[in-house]
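In: structural data only, the sequence is not supplied:
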């Protein structure tokens with residue numbers, strides 16, 4: 001049964017903006033701020049793979065400490081861009097093989113701004129995350145946020161000064177309930193995330209909003225091959241589903257072209273990273289990670305924190321589906337603006353898979 005052929009939060013939620021900004025994997029869609037940009041070394045920074053950039057970002061984040069202000073990966077130039085607060089830190093980053101950019105806001109200042117937003121009453125249709133490309137908290141409001149609610153949000157953003165910006169996005173931020181391979185319950189359809197092993201037995205990960213504990217799932221309507229053992233939503237958005245029948249459950253993702261991608265491990269997403277997502281409605285789509293530790297309040301008022309934000313589309317029924325890069329599981333499709341028509345690129349939000357694995361003591365397999 002193809003329940004087993006798919007998809008895919010961090011061991012600990014990126015509780016601070018510092019952790020969320022530590023790496024940005026593939027910043028193709030984000031423009032770099034030009035003010036106060038420092039000049040790279042004459043020979044230019046070393047070309048880096050995504051994995052090498054992630055390791056360098058972790059190293060520099062520790063070495064720079066409070067003088068560092070986040071990193072992201074530029075996939076086109078294959079270089080790590082490091083935000084820093086002074087020229088001495090810029091020199092250190094360049095010497096390590098990165099591109100340095102001097103910015104105004106420290107991670108501490110951005111974390112304080114994000115805590116201010118987190119402390120406000122939840123407004124459906126809003127989201128925010130630290131954007132290392134602009135060195136600000138990027139706040140977004142969908143088309144349903146109007147009147148007094150929009151005025152309150154603007155007032156909060158204005159109070160944060162140059163630490164935050166507010167933009168409007170088309171569509172509505174909703175969980176994508178309706179889901180790599182399709183899995184069906186009496187309540188609707190979702191997409192299988194990733195097959196995992198817990199206590200030596202086969203399970204799979206799914207979005208928590210797809211169903212509560214006890215929900216039965218099958219590869220077709222009216223069939224049962226698995227049951228939800230635990231579901232967490234809102235706050236988080238992941239669930240552990242246990243296979244109850246003897247069906248195939250390979251560790252792979254459906255590429256919807258007659259082939260699959262083998263999944264061998266789970267990892268952390270980084271800003272700027274190029275990713276793919278697989279779901280039973282819109283099948284295989286590609287995009288770029290634009291932020292980590294994102295907070296979203298969906299229509300209905302459900303607030304979820306610690307999400308990965310990416311510029312990739314999805315639609316109802318893709319919920320729970322795999323977000324991955326090569327053989328590495330990264331996330332489970334949570335929600336965002338619906339549809340892939342007209343060149344739409346999200347935003348879409350994903351539950352980091354490493355957090356779900358840690359919560360359940362499960363492993364990819």
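Out: Looks like it arrived, so ask away. Model, not experiment: these values are computed from the prediction. Residues are numbered from 1 along each chain as shown.
In: what sits closest to residue 59 if chain neighbours are left out?
Out: residue 96 (7.2 Å; CB to CB, 6 or more residues apart in numbering). C-betas here are computed from N, CA, C, even on glycine.
In: what residues of stretch 295-306 count as buried?
Out: 295-298, 302-306 (16 or more other CB atoms under 10 Å).
In: could the residues you listed go into JSON lines alongside pLDDT and distance to residue 181?
Out: Below are those laid out as JSON lines (pLDDT from 0 to 100; distance: CB to CB, whole Å):
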{"residue": "295", "pLDDT": "97", "distance to residue 181": "30"}
{"residue": "296", "pLDDT": "97", "distance to residue 181": "25"}
{"residue": "297", "pLDDT": "96", "distance to residue 181": "30"}
{"residue": "298", "pLDDT": "95", "distance to residue 181": "24"}
{"residue": "302", "pLDDT": "94", "distance to residue 181": "25"}
{"residue": "303", "pLDDT": "95", "distance to residue 181": "29"}
{"residue": "304", "pLDDT": "97", "distance to residue 181": "24"}
{"residue": "305", "pLDDT": "96", "distance to residue 181": "28"}
{"residue": "306", "pLDDT": "97", "distance to residue 181": "26"}
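In: which among those gets closest to residue 79?
Out: When these are compared for distance to residue 79 (CB to CB), residue 306 wins out at 27.4 Å.
In: test my guess that that closest one contacts residue 237.
Out: No: the pair residue 306 / residue 237 is not scored as a contact, 9.4 Å apart, by CB atoms under 8 Å.
In: related to what we said a few turns ago, ok, the residue nearest to residue 59 - contacts?
Out: 56, 59-60, 63 (CB atoms under 8 Å, 6 or more residues apart in numbering).
In: about what we covered before: sort out for me which of the buried residues of stretch 295-306 are in strands.
Out: 295-297, 303-306 (DSSP state E).
In: what is the nearest of these to residue 212?
Out: Using CB to CB, those come closest to residue 212 at residue 304, 16.0 Å.
In: name the helices or strands packed onto the helix or strand harbouring residue 331?
Out: Per DSSP states H and E: residue 331 is located in strand 328-337. Here strand 328-337 touches strand 173-175, strand 265-266, strand 274-279, strand 283-297, strand 303-310, strand 322-325, strand 348-352, helix 353-360, going by 3 or more CB pairs under 8 Å, 6 or more residues apart in numbering; DSSP states H and E.
In: so which of these is the most surrounded?
Out: Ranked by mean neighbour count, those are led by strand 348-352 with a mean of 31 (mean count of other CB atoms under 10 Å).
In: now that strand: mean pLDDT?
Out: Strand 348-352 carries an average pLDDT of 98.
In: same check, this time on stretch 131-140
Out: 96.
In: correct me if wrong: residue 125 contacts residue 144.
Out: Yes: counting by CB under 8 Å, residue 144 is a contact partner of residue 125 at 4.4 Å.
In: more neighbours: these two, which one.
Out: residue 125 (25 against 16; other CB atoms under 10 Å).
In: what's near enough to touch the more buried one?
Out: By CB under 8 Å, 6+ apart, the neighbours of residue 125 are 141-145, 172-173, 297-299.
In: go again using 6 Å as the cut-off
Out: By CB atoms under 6 Å, 6 or more residues apart in numbering, residue 125 lies in contact with 142, 144-145, 173.
In: so which of the residues you listed are in strands?
Out: Going by DSSP E, the strands hold residue 173 from these.
In: now, which of the contacts of residue 125 lie within helices?
Out: Using DSSP state H, no member of the contacts of residue 125 falls in helices.
In: distance to residue 222 for the contacts of residue 125 - can I get that in CSV?
Out: Shown next, in CSV, are those (distance: CB to CB, whole Å):
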residue, distance to residue 222
142, 35
144, 35
145, 39
173, 32
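In: tell me the two of the contacts of residue 125 that are most distant?
Out: Between any two of the contacts of residue 125 (CB to CB), the greatest distance is 9.4 Å, for 145 and 173.
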